[in-house]
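Q: fold the following.
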Amino acid sequence: MQLTLWTYEGPPHVGAMRVATAMEDVHYVLHAPQGDTYADLLFTMIERLQKRPPVTYTTFQARDLGRDTAELFKTAAREAFERFSPKAMLVGSSCTAELIQDDPGGLCKALNLPIPVVALELPSYQRKENWGASETFYQLVRNLALPKDTAVKSDDSKPRCNILGPTALGFRHRDDLAEIRQLLSHIGIDINVVAPLTATPSDMARLAEADFNVVLYPEIASLSAQWLKRNFAQPFTKTIPIGHSATCDFVREVAQLAGLDPDAALQSVTSRAAWYTRSVDSTYLTGKRVFVFGDATHAVAAARVAAQEMGFTVVGIGTYSREFAREVREAAALYGVEALISDDYLEIEARIAELNPELVLGTQMERHIAKRLGVPCAVISAPVHVQDFPARYSPQMGFEGANVLFDSWVHPLMMGLEEHLIGMFRGDAEFHENAAPSHLGGGVHARSQQDTANAAPSTHAEQTSSNTSVGITASVWDAGAEKELKKIPFFVRGKARRNTERYALERGVSVITTETLYESKAYFSQS
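A: Coordinates of the predicted model:
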């Protein structure tokens, strides 16, 4: 384990909670100390669900460790069944309770409950959240799915599929599911079961009745889809429908599995993002340097959209999903970059600073990193915060998802362009940094703001000169150099400042002037 300020994934029992919370008539009895109940807030505060997760905690305390904690678990499981009347029950231990080794599965079996009880073995000190969700879903499929009904299928019946992967606390899973449902219906395919999201144990029993499976999130559903293929001969999709071209490929793949002609469906759907690639304004995006990081599914898909549909240059790609490192490395090879496989946010921050991209596509972690570095950022993957569970319809998948991606990625760059233009006109009478807001005119309030601005410290040199009283540990910028630095576009200004200060420090220059700035520029342009 690693002590850290931020983490990309929680322990595996949080993944199990995501599956249990997504389903109906399923209850999860978790052997855990009182402090582990924090996980409820992930669903009620961040995802803003209207009900608590269907989880019962044993909430043992320190004084209970000297007594029979096994009996405590059995009591909690029995009372949970009597109170909630679930149709199936999950049982397992949190990372803390795992050390006690009470065997929740065996204890619950001894209760002889009249419902299926699925025991989860989730090694908390070796695995993490997405693996825990995948393993939980896999165990539910293995224990609840029944063999296919041998009834003869009529010739006029539509092909049927299962949609696998959406969970609670997933990044835009609710809206992705709605978009893909609509797309499949448009093609002429019926939905047999969606799981885990909204599925009941009786739904899980009907999984084998589908002709094939649609896997939306491989981190969650790939293992289960492989089991269904081996046991029920159900093929499954490999294409993730994120982006316009990937969605077209997805339609073709699904149509092939269903034995349908996809041409009519592809001709009747439209994406408003496509027109931009034919416009003059699109040249502003061409070659923009982008760094991509997230779970493997979204990172690989986002890199494809960035390179093939937006015209960006992918300068870096990475994931925290070590189980899917191979897929990300294969994607990185397509763009001629080295994949970053890490869950250390400090390592990711160092790579972003080194590459100096013009746009970051990542998680909420990268949003904070990009904000500190002054780089535009769009969130494409979990982990996310409350603002990435919008009340509006905002999918990432399908043709509408392509429109959402376009808006989410292009707007930060366009706002950056506006900031750059304001920077170019900084010396203008209306736009200089000490000018009052133009909408206030020349009134008293505007003059008071002008007086406040004039009273504020004016130069970086005044604020940092005290640091140079003993030796040259940091160079000081004079007013002329600071003014010249502000003429440099904001998205490379930080790098220009760092290079100049490094140049001055190596040469013992205590005060950076305009000449020093341009000498540094000439030096680094040759290296």
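Q: quick one: secondary structure of Val19?
A: The three-state assignment at Val19 reads helix, by DSSP: H, G, I helix; E, B strand; the rest coil.
Q: number of nearby residues for Arg78?
A: Number of residues near Arg78 (other Cβ atoms under 10 Å) recorded here: 14. Heads up, the C-betas are built off the backbone N, CA and C, glycines and all.
Q: phi, psi for it please.
A: Here is the backbone geometry of Arg78 (degrees, to the nearest 10): phi -60, psi -40.
Q: what's the neighbour count on the residue lying closest to it once chain neighbours are set aside?
A: Nearest non-adjacent residue to Arg78, counting by Cβ to Cβ, 6 or more residues apart in numbering: Leu111, 5.9 Å away. Residues lying near Leu111 (other Cβ under 10 Å) number 15.
Q: surely Leu111 meets Ala76?
A: No. Using Cβ atoms under 8 Å, Leu111 makes no contact with Ala76, being 10.8 Å away.
Q: one step back: so the residue nearest to Arg78 sits in a helix?
A: No. Secondary structure of Leu111 (three-state DSSP): coil, not part of a helix.
Q: who's in contact with it?
A: Neighbouring residues of Leu111 by Cβ atoms under 8 Å, 6 or more residues apart in numbering: 74, 77-78, 81.
Q: from Ala80, how far out is it?
A: Distance of Leu111 to Ala80, given as Cβ to Cβ, to the nearest Å: 11 Å.
Q: joint contacts of those two?
A: Counting by Cβ under 8 Å, 6+ apart, no residue touches both Leu111 and Ala80.
Q: distance of Ala195 relative to Gln126?
A: 26 Å.
Q: with neighbour numbers in mind, choose between those two.
A: Ala195 (30 against 9).
Q: just checking, the more buried one touches Met204?
A: Yes. Between Ala195 and Met204 there is a contact at 6.3 Å, judged by Cβ under 8 Å.
Q: what's the burial count for Ala332?
A: Neighbours around Ala332, by other Cβ under 10 Å: 23.
Q: just checking, it touches Ile317?
A: Yes. Under the criterion of Cβ under 8 Å, Ala332 makes contact with Ile317 at 5.0 Å.
Q: what about the helices in the stretch 151-300 of the chain?
A: For the stretch 151-300 of the chain, the helices defined by DSSP state H, counting those that start in this stretch cover 173-187, 201-205, 218-232, 244-258, 263-268, 296-308.
Q: what's the most buried one of these?
A: Of the helices of the stretch 151-300 of the chain, the one with the most neighbours on average (mean count of other Cβ atoms under 10 Å) is helix 296-308, at a mean of 24.
Q: got the CA positions of it in PDB?
A: Output of helix 296-308 as PDB, limited to C-alpha atoms (Å, rounded to 0.1, in the frame of the first residue of the first chain):
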ATOM      1  CA  ALA A 296      -7.800   2.500 -20.300                       C
ATOM      2  CA  THR A 297     -11.100   2.500 -22.200                       C
ATOM      3  CA  HIS A 298     -11.500   6.300 -22.200                       C
ATOM      4  CA  ALA A 299      -7.800   7.100 -22.600                       C
ATOM      5  CA  VAL A 300      -7.400   5.000 -25.700                       C
ATOM      6  CA  ALA A 301     -10.700   6.200 -27.200                       C
ATOM      7  CA  ALA A 302     -10.000   9.900 -26.400                       C
ATOM      8  CA  ALA A 303      -6.500   9.600 -28.100                       C
ATOM      9  CA  ARG A 304      -8.200   8.200 -31.200                       C
ATOM     10  CA  VAL A 305     -10.700  11.100 -31.300                       C
ATOM     11  CA  ALA A 306      -8.000  13.700 -30.600                       C
ATOM     12  CA  ALA A 307      -5.700  12.500 -33.400                       C
ATOM     13  CA  GLN A 308      -8.200  11.400 -36.100                       C
END
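Q: which outside residues touch that helix?
A: Contacts of helix 296-308 (Cβ under 8 Å, 6+ apart): 171, 217-219, 240, 242-246, 290, 292-294, 312-314, 317-319, 321, 323-325, 327-328, 331, 334-335, 361, 380-381, 396, 402, 405, 409.
Q: so how do I select the buried members of these in PyMOL?
A: Those of these that count as buried under 16 or more other Cβ atoms under 10 Å are selected in PyMOL with:
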select buried, resi 171+217+218+219+240+242+243+244+245+246+290+292+293+294+312+313+314+317+318+319+321+323+324+325+327+328+331+335+361+380+381+396+402+405+409
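Q: enumerate the positions of stretch 336-344 that are buried.
A: Applying 16+ other Cβ under 10 Å to stretch 336-344 flags 337, 339-343 as buried.
Q: again, but for stretch 39-46
A: By neighbour count with 16+ other Cβ under 10 Å, stretch 39-46 contains the buried residues 39-40, 42-43, 46.
Q: circling back to that earlier point, overlap of the contact sets of Ala332 and Ile317?
A: With Cβ under 8 Å, 6+ apart, Ala332 and Ile317 have common neighbours Ala339.
Q: run through the bridge partners of the residue nearest to Arg322 when sequence neighbours are not counted.
A: Spatial nearest neighbour of Arg322, chain neighbours left out: Ile341 (6.1 Å); criterion: Cβ to Cβ, 6+ apart. Listed by DSSP bridges, the beta-bridge partners for Ile341 are Thr319.
Q: would you check that Ile341 makes contact with Ala325?
A: Yes. Contact criterion Cβ under 8 Å: Ile341 and Ala325 qualify, at 4.6 Å.
Q: the bottom helix or strand of the chain by mean pLDDT?
A: Least confident helix or strand, the chain: helix 460-464 with a mean of 43, by mean pLDDT, DSSP states H and E.
Q: what's the offset of the following helix or strand past it from the middle of its chain?
A: Downstream of helix 460-464, the first helix or strand assigned by DSSP states H and E is strand 476-477. Strand 476-477 sits 40 Å away from the centroid of its parent chain (Cα atoms, centre = their mean, to the nearest Å).
Q: output the helix or strand just after strand 476-477 in PDB with nothing but the alpha carbons.
A: Downstream of strand 476-477, the next assigned helix or strand under DSSP H and E is helix 479-485. Extracted C-alpha coordinates of helix 479-485, given in PDB (Å, rounded to 0.1, in the frame of the first residue of the first chain):
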ATOM      1  CA  ALA A 479       9.800  45.800 -14.800                       C
ATOM      2  CA  GLY A 480      10.800  45.800 -18.500                       C
ATOM      3  CA  ALA A 481      11.400  42.000 -18.600                       C
ATOM      4  CA  GLU A 482       8.100  41.400 -16.900                       C
ATOM      5  CA  LYS A 483       6.300  43.500 -19.400                       C
ATOM      6  CA  GLU A 484       8.000  41.700 -22.300                       C
ATOM      7  CA  LEU A 485       7.200  38.300 -20.800                       C
END
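Q: and helix 479-485, which residues are buried?
A: By neighbour count on 16+ other Cβ under 10 Å, the buried set for helix 479-485 is 481-482, 484-485.
Q: most widely separated two among these?
A: Spanning the widest gap among the buried residues of helix 479-485 are Glu482 and Glu484, at 7.4 Å by Cβ to Cβ.
Q: so, low pLDDT: which residues of the stretch 1-150 of the chain?
A: 1-5, 61-67, 150 (pLDDT under 70).
Q: can you give me the helices in it?
A: 12-22, 40-41, 69-84, 104-109, 129-144.
Q: which of those sits most buried?
A: By mean count of other Cβ under 10 Å, the helices of the stretch 1-150 of the chain have helix 12-22 as the most buried, with a mean of 28.
Q: the inter-axis angle of that one versus helix 218-232?
A: Counting by axes from the mean of the first three to the mean of the last three Cα atoms, to 10 degrees, helix 12-22 points 70 degrees away from the direction of helix 218-232.
Q: so helix 12-22 versus helix 173-187, what angle?
A: For helix 12-22 against helix 173-187, the angle by the same axes, to 10 degrees is 50 degrees.
Q: no further questions, thank you.
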